[in-house]
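Sequence and predicted model, in that order:
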Amino acid sequence: MARALLEWQVELGVDETIGDHPVDRYVLATLKPGVATDVAVLRPRPLAQVDPVDVARQTASAAPTLDALREALGSYEHCELKKGAKNLVFSDGIATARVMIIGEAPGRDEDREGRPFVGRAGQLLDRMLGAIDLSRSKNVYITNVLPWRPPQNRDPQPEEIAMMRPFLSRHVELVNPDLLVLMGNISCQAVLGKRGITRLRGNWQEAMKRPVMPMFHPAYLLRNLSAKREAWADLLELKARLLLSEEL
């Protein structure tokens, strides 16, 4: 039966058999003619598994300056969000500021301009900061957890946050602000490891070796005008903390 099947295949024009395993032709080309080789040697070597978070950690820690960190982020190829974004949104404001604001992720306007908080939410943030004598042009530094816009402004996935957290941690180290302001749930998840902004807001915490104040995201305030009362209270608390640290 097997012989008849083989003869039938030959009649069909089959002149080469296929083995049970693929052959790595690159390895085969390096061998001397006539040298016997184990079939296992000719099989393609399995690709090494890459841990995106570990790569991010090593890449971020090696950046000595903010410019180097921005370049490192731009060359990081393990986050799929990069493929669909127009621009890398790195930061805005004064790099020597005492206050560092961490938002969630770029929106459409931020993606188009390459700067964080430039849409309606950004305009509201500027007014909020101005009410307590703060400004991105003189004493505030702003960044996001994610530097690339998620499709349709969806929430970042946990694996995306995990990949970007080493870059964020290094970002904070290089700026070295007196305190952090976390705008929204995603920022709290990335820095504090927990969500629930209505419960967290207004309460000072410690993370990344400095005081942290969670606050409502300006985009949330645009949708929920009644929450502006709590946001104003948080701003006053932020101002009081800054004045107190100046006195000390």
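Great, that's in hand.

How many residues are close by the closest residue to H78 other than its chain neighbours?
Nearest residue to H78, sequence neighbours excluded (Cβ to Cβ, 6 or more residues apart in numbering): P52, at 3.7 Å. C-betas here are computed from N, CA, C, even on glycine. When neighbours are counted by other Cβ atoms under 10 Å, P52 registers 16.

from now on call the first residue 53
Renumbered: residue one is now 53, and that last one reads P104.

Contact partners for P104?
By Cβ atoms under 8 Å, 6 or more residues apart in numbering, P104 lies in contact with H130, C131, E211, A214, M215.

what helix or strand is the residue nearest the centre of the chain on?
Nearest to the mean C-alpha position of the chain, counting by Cα atoms, centre = their mean, stands M216 at 2.9 Å. M216 is part of helix 210-227 when elements are defined by DSSP states H and E.

Would you confirm that M152 belongs to a strand?
Yes. Residue state for M152 (DSSP: H, G, I helix; E, B strand; the rest coil) corresponds to a strand.

What pLDDT does the model give the closest residue to it other than its chain neighbours?
Leaving aside its chain neighbours, M152 sits nearest to P229 (3.8 Å; criterion: Cβ to Cβ, 6+ apart). pLDDT recorded at P229 is 97.

burial of P229, as a residue count?
Neighbours of P229 using other Cβ under 10 Å come to 19.

Please apply the same query to the one 4 residues further on.
If you count neighbours by other Cβ under 10 Å, V233 ends up with 24.

and what of R262?
For R262, the neighbour count with other Cβ under 10 Å is 13.

from what I can see it touches P229, true?
Yes. Applying Cβ atoms under 8 Å, one finds R262 in contact with P229, separated by 6.9 Å.

tell me how far stretch 244-255 is from the chain's mean position?
20 Å (Cα atoms, centre = their mean, to the nearest Å).

mind listing the strands in the protein by residue range?
144-145, 151-155, 192-196, 231-235, 257-259, 262-267 (DSSP state E).

contact partners of stretch 201-215?
104-105, 108, 128, 130-131, 133, 136-138, 141, 156-160, 162-163, 197-198, 216, 238, 241-242.

Can you list the buried residues in it?
Within stretch 201-215, the residues that count as buried by 16 or more other Cβ atoms under 10 Å are R201, P202, P208, E212, I213, M215.

what mean pLDDT does it have?
Rounded mean pLDDT across stretch 201-215 is 95.

ditto for stretch 144-163
Stretch 144-163 comes out at a mean pLDDT of 97.

Would you mark the buried spots in that stretch?
In stretch 144-163, counting by 16+ other Cβ under 10 Å, buried: 144-146, 149-159, 161-163.

just stretch 220-237 next, same as before
Using 16+ other Cβ under 10 Å, the residues of stretch 220-237 that count as buried are 220-224, 226-227, 229, 231-237.

likewise stretch 189-200?
N191, V192, Y193, I194, T195, N196, V197, L198, P199, W200.

Kindly check the end-to-end length of it for me.
23 Å (Cα to Cα, to the nearest Å).

lowest-confidence helix or strand of the protein?
Of all helical and strand segments in the chain, the minimum by mean pLDDT, DSSP states H and E falls on helix 91-94, at a mean of 52.
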